[in-house]
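# Give the three-dimensional model of this entry:
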Amino acid sequence: EFEKNLFHELVQKSKSALFLIVSKGLPYFIIMLFIWTGMILGLFPLFHIQIAGSIPAILLFSILFLLSLLSLGIMVSVFCRTTVLATDILMILSAPGFILSGYTWPVSQMPGIMQMVSNILPITPFLSGYRKLMFLNCSLSDIMPEIYQLSLMVAVFGLMAWAILNWKIKKTLKNQSALEYLH
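Below is the predicted model of the structure:
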């Protein structure tokens, strides 16, 4: 909407930043949830991947991860003026995310600055908690630090997205009022 200069039309339908975020994010969340559930319930058995932990616990924790990714994506997209810029920023974050997340080597063995960067990426607490749930048969109560970290990310990224979008809505409404006054 920003890139095609259609945001003012969207604001005419709703002036609520929360409504716009939920209505834009819900389809993506449903698609991500469908894909993730399909992998756990379909592909894991097909490839004989053993799940030691509780599937409902894994799915609940995965929902929190999906919400953190969605919050981050929405925050970046409302901040950026173009789709290409938002995609570039998210790719810049995701590409090193695999290296910094603890997937390739332990976060504890990384230099301090890399550990700090690692801890602001949603994949890091997710992989830590996911390993514990999936392979060590831990419960959700055993991964509370990871749950808190992902919950904080959802809250911070979501609040930032809401604040930026709310500011853009107010700015658009102010510009529309000025244009109506001139005509």
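
# contacts and neighbour counts: CA atoms only from here.
Will do.

# pLDDT weak spots in the chain?
Within the chain, the segments meeting pLDDT under 70 span 1-5, 178-183.

# So which residue is dead centre in it?
Closest residue to the average C-alpha location of the chain: residue 69 at 1.6 Å, with Cα atoms, centre = their mean.

# just checking, that one touches residue 122?
Yes. Contact criterion Cα atoms under 8 Å: residue 69 and residue 122 qualify, at 6.6 Å.

# Hmm, residue 134 is touching residue 57, no?
No. Contact criterion Cα under 8 Å: residue 134 and residue 57 do not qualify, at 9.2 Å.

# what's the helix or strand where residue 90 lies in contact with?
Here residue 90 sits within helix 83-94, counting by DSSP states H and E. Helix 83-94 has contacts (Cα atoms under 8 Å, 6 or more residues apart in numbering) with 3, 73, 76-77, 80, 121.

# export the residues you listed to CSV and tack on distance to residue 149, secondary structure and neighbour count?
Output for these, formatted as CSV (distance: Cα to Cα, whole Å; DSSP: H, G, I helix; E, B strand; the rest coil; neighbours: other Cα atoms under 10 Å):
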residue, distance to residue 149, secondary structure, neighbour count
3, 33, coil, 11
73, 17, helix, 20
76, 19, helix, 21
77, 22, helix, 21
80, 25, coil, 16
121, 10, coil, 23
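
# Closest to residue 107 out of the residues you listed?
residue 121 (12.1 Å; Cα to Cα).
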